[in-house]
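> Give me coordinates for this.
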Amino acid sequence: MTYEDSNFSIAQEFINDAAFHYIVIAFQMIINPVLGITGTCTNLLNSAAFYKIGFSDGITQNFFILSISDGVLSVMALVNFLSGVLSYSV
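Numbering: from 1, shown residues only. Sure thing, here's the model as predicted:
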């Protein structure tokens, strides 16, 4: 089976379908939420630290904006995870 002949990735040629399914579930149900929660908390702390430092220079302003946007992305990833959990349970 070649890559052009199937819709599956190359990784599925080296592991069986059941193992691949368990790996996907582990990433979706364990690793992604943990990283999302950690990222959200870390970005809240970063935003608070940059706010406390003040916005006297452009670098601090840019890092503050970067931590806010990264925090929003982490929250959106958590919402995506929760919507996936709800779609599997309903």
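> Give the other helices and strands that the longest helix anywhere in the chain contacts.
The longest helix of the chain (DSSP state H) is helix 58-89. For helix 58-89, the elements it packs on are helix 32-53, judged by 3 or more C-beta pairs under 8 Å, 6 or more residues apart in numbering; DSSP states H and E. C-betas here are computed from N, CA, C, even on glycine.
> Tell me what angle the helix it packs on forms with helix 58-89.
150 degrees (axes from the mean of the first three to the mean of the last three C-alpha atoms, to 10 degrees).
> any idea how far helix 32-53 is from the chain center?
13 Å (C-alpha atoms, centre = their mean, to the nearest Å).
> Buried ones in that helix, by neighbour count?
32, 36, 39-40, 43, 46-47, 50 (16 or more other C-beta atoms under 10 Å).
> Buried residues, the longest helix of the chain. List them.
64, 67-68, 70-71, 74, 77-78, 81.
> Pick the one among those residues closest to Ile15.
Phe81 (24.1 Å; C-beta to C-beta).
> picking up where we left off before, least confident of the buried residues of helix 32-53?
Ranked by pLDDT, the buried residues of helix 32-53 bottom out at Asn32, which scores 84.
> doesn't Ala77 make contact with that residue?
Yes - the pair Asn32 / Ala77 is scored as a contact, 6.7 Å apart, by C-beta atoms under 8 Å.
> thinking again about what came up before, format the buried residues of helix 58-89 as CSV; extra columns: pLDDT and distance to Ala26.
Shown next, in CSV, are the buried residues of helix 58-89 (pLDDT from 0 to 100; distance: C-beta to C-beta, whole Å):
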residue, pLDDT, distance to Ala26
Phe64, 96, 34
Ser67, 95, 28
Ile68, 95, 30
Asp70, 94, 24
Gly71, 93, 25
Ser74, 91, 20
Ala77, 87, 16
Leu78, 88, 17
Phe81, 85, 13
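> Show me which of these is closest to Ile25.
Set against Ile25, the nearest of these by C-beta to C-beta is Phe81 (12.5 Å).
> And the nearest residue to that closest one once chain neighbours are set aside, how far from Phe27?
Distances taken as C-beta to C-beta, 6 or more residues apart in numbering put Pro33 closest to Phe81, at 5.1 Å, once the chain neighbours are dropped. Separation of Pro33 from Phe27 (C-beta to C-beta, to the nearest Å): 10 Å.
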